[in-house]
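Undergrad: Generate a structure from the sequence data that follows.
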Amino acid sequence: QLSCVEIVSSQGKTPRHFSFDPSGNFMVVANTDNDTLCVFAIHPLNGSLSYTGKSLKTPSPNYVLIVPECEPTAVPDLRMAQ
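TA: Numbers count the residues shown, from 1 in each chain. Here you go, the predicted model:
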């Protein structure tokens, strides 16, 4: 069951979207009107958020997609035989 733990600032203007990293330890918020993505740590026991001080300037972000790391795979050689 979900419940409100706290209300915190998104560290920007007009938070448009947010996403959790695969580990569940971090959340990234897209603040559209001041052009930032801001990172928050998630407390493992109570779910409270702490701004990490990390942000990225990017023009008008409106969606956050976090892609998990993956191992590189072998790419087949598709060149024509000579």
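Undergrad: Does anything pack onto the longest strand seen in the chain? Which helices or strands?
TA: With secondary structure taken from DSSP state E, the chain has its longest strand at strand 49-57. Using 3 or more CB pairs under 8 Å, 6 or more residues apart in numbering; DSSP states H and E as the contact criterion, the secondary-structure elements in contact with strand 49-57 are strand 36-42. From N, CA and C alone the C-beta is placed, and that goes for glycine too.
Undergrad: Can you give the distance of the strand it packs on from its chain's centre?
TA: Going by CA atoms, centre = their mean, to the nearest Å, the spacing between the C-alpha centre of strand 36-42 and its chain's C-alpha centre is 7 Å.
Undergrad: go on, stretch 18-26?
TA: Relative to its parent chain, stretch 18-26 has a centroid offset of 7 Å by CA atoms, centre = their mean.
Undergrad: Please identify the buried residues of it?
TA: Along stretch 18-26, the positions that meet the burial threshold by neighbour count (16 or more other CB atoms under 10 Å) are F18, F26.
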